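**Student:** Sharing a model that was predicted from the sequence below.
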Amino acid sequence: MYHLKAGAANFEAEIKKGAISLNGNTITPSAYKLPNGDTHLIINNKGYTIEQLGWNETHDALKLRVNGKLIEVEAKSELTILLQKMGMGIGTSSKANDIKAPMPGLIVAIKVDVGMQVQKGQVLVVLEAMKMENAIKATGDGVVKRVTVSTGDKVEKNAVLVEFS
């Protein structure tokens, strides 16, 4: 399932076996690749020529030209939305955000100390949940201000684990 936003319009879209469900309505487009690389779609006997102009990963936005009209579509999967809610999504800044527990669990390892410089993607804490170890990583570069947990602590979802200055 994808959540799409184009201007003021919001849509929920899902692709299944060549059909597209858009806000619960199923459509079955015919798609043709044109020699110049554009795509031509036919939906309900109406044609659309689509040129993909670019993808902005930071904002999950796709720039398209549809029948000559410029359109920017924000497209987020349910996983992307969940990660953003947990503070783990791709941000516009490379500065680390405070790290919260994405689920309840047991702290089995702490890989950082106060004052330590960390880089985006570096493992900070290992959290055991449902018999699996989950490496909780930095969302950006930063300096550890405070580690709020200790090995062996049980934490709830959204508990702050590491703070950054």
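**Tutor:** Arrived safely, thanks for sending. Numbers count the residues shown, from 1 in each chain.
**Student:** In contact with the closest residue to residue 148 other than its chain neighbours: list those residues for me.
**Tutor:** Spatial nearest neighbour of residue 148, chain neighbours left out: residue 160 (5.2 Å); criterion: C-beta to C-beta, 6 or more residues apart in numbering. Heads up, the C-betas are built off the backbone N, CA and C, glycines and all. Shown in contact with residue 160 (C-beta atoms under 8 Å, 6 or more residues apart in numbering): 98, 99, 100, 148.
**Student:** distance of residue 160 from residue 8?
**Tutor:** 35 Å (C-beta to C-beta, to the nearest Å).
**Student:** Residues in contact with the helix or strand bottoming out on mean pLDDT in the chain: which ones?
**Tutor:** Between all helices and strands in the chain, the lowest mean by mean pLDDT, DSSP states H and E belongs to helix 78-85, at a mean of 74. Residues outside helix 78-85 that contact it (C-beta under 8 Å, 6+ apart): 1, 2, 3, 60, 76, 89.
**Student:** Neighbour-wise, give me the winner out of these.
**Tutor:** Counting neighbours by other C-beta atoms under 10 Å, residue 60 leads the contacts of helix 78-85 with 21 neighbours.
**Student:** ok, now which ones touch it?
**Tutor:** Counted by C-beta under 8 Å, 6+ apart, residue 60 has contacts 74, 75, 76, 80, 90.
**Student:** Without its sequence neighbours, what residue ends up closest to it?
**Tutor:** residue 76 (5.0 Å).
**Student:** I figured the one you found hits residue 11, correct?
**Tutor:** No - counting by C-beta atoms under 8 Å, residue 76 stays clear of residue 11, with 11.3 Å between them.
**Student:** shared neighbours of the two, anything?
**Tutor:** residue 3.
**Student:** possible to save the contacts of residue 60 as CSV with distance to residue 110 and secondary structure?
**Tutor:** Formatted as CSV, the contacts of residue 60 follow (distance: C-beta to C-beta, whole Å; DSSP: H, G, I helix; E, B strand; the rest coil):
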residue, distance to residue 110, secondary structure
74, 36, strand
75, 36, strand
76, 32, strand
80, 28, helix
90, 25, coil
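**Student:** immediately after the strand ranked longest in the chain, which helix or strand?
**Tutor:** When the chain is parsed with DSSP state E, its longest strand is strand 46-56. Counting by DSSP states H and E, the element after strand 46-56 in chain order, helix or strand, is strand 61-66.
**Student:** State the mean pLDDT of that following strand.
**Tutor:** Across strand 61-66, pLDDT averages out at 88.
**Student:** Summarise which helices and strands it is packed against.
**Tutor:** If contacts are counted by 3 or more C-beta pairs under 8 Å, 6 or more residues apart in numbering; DSSP states H and E, strand 61-66 sits against strand 46-56, strand 69-77.
**Student:** I'm done for today, thanks for sticking with me.
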